[in-house]
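In: sequence? don't have it. structure:
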C-alpha cells in the first residue's frame, strides 16, 4: 500500500509540477499516515460489546466453561497466548480457541479492539461480581 500511495503522489506531483523534494516529502508523510491505526480502542464501547456477546460465558470476568481460565489479571497472564495484552485478546476473540468460538466473522475489527481494551482495563481494575 505504501508503494501505491507513493506512486499516486509521485504521479500527482509531476502532474501538478511539484519539485521532486516536495513530492518525496509528501509521499513520506502519506506513507506515515497510511500505517497509523484507523481508530483508538473505546473501553466504554467495549463494555457494551462484551455485555452483548461475551457475558453469557464470562459474566463478572469468570468462565463458566473452564473455571480456571477467567478474565482476571493473573489468569490472563498465565493462560492467554503471548501474555496479557490487548493484542493477545484481539487474537483470542478473533480466532477463538478450545471451547471459545471465533468472533472474527461476527464482530467488526473495531468491536473486537474495543472489547479487548475493556477486558484488559477491567482485569487491571477488577471485575464487578
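Out: Thanks, I have it. Source: prediction; values computed, not measured.

In: What's the biggest helix in this structure, counting residues?
Out: Identified as the longest helix of the chain according to DSSP state H is helix 109-125.

In: Output the contacting helices and strands for it.
Out: helix 43-53, helix 73-79, helix 86-95 (3 or more Cβ pairs under 8 Å, 6 or more residues apart in numbering; DSSP states H and E). Quick note: C-beta positions are derived from backbone N, CA and C, even for glycine.

In: for the ones you listed, which one sits closest to residue 115?
Out: Closest of those to residue 115 is helix 43-53, at 4.5 Å (criterion: Cβ to Cβ).

In: after that closest one, next one along is what?
Out: The first helix or strand that comes after helix 43-53 along the chain, using DSSP states H and E, is helix 55-58.

In: closest to residue 113 out of the helices and strands packed on helix 109-125?
Out: That would be helix 86-95 among these, by Cβ to Cβ, at 6.2 Å.

In: now for the closest one, which elements pack on it?
Out: Secondary-structure packing of helix 86-95 (3+ Cβ pairs under 8 Å, 6+ apart): helix 109-125.

In: Name the residues of the helix it packs on that are buried.
Out: 110-120, 122-123 (16 or more other Cβ atoms under 10 Å).

In: which stretches of the protein have low pLDDT?
Out: Counting by pLDDT under 70, the chain shows low-confidence ranges at 1-39, 129.

In: If we use 90, what do you get?
Out: 1-40, 128-129 (pLDDT under 90).

In: so who does residue 68 touch?
Out: When contacts are counted by Cβ atoms under 8 Å, 6 or more residues apart in numbering, residue 68 touches 75, 79.

In: any idea how far residue 54 is from it?
Out: Look at residue 68 and residue 54: by Cβ to Cβ, to the nearest Å, they are 18 Å apart.

In: what does residue 46 give?
Out: 10 Å.

In: Mind listing the shared neighbours of those two?
Out: With Cβ under 8 Å, 6+ apart, residue 46 and residue 54 have common neighbours residue 115.

In: So between those two, which is more surrounded?
Out: Neighbours were counted for residue 46 and for residue 54 using other Cβ atoms under 10 Å; residue 46 has more, 26 against 19.

In: correct me, but that one touches residue 110?
Out: No: using Cβ atoms under 8 Å, residue 46 makes no contact with residue 110, being 9.8 Å away.

In: Fine by me, we can end here.
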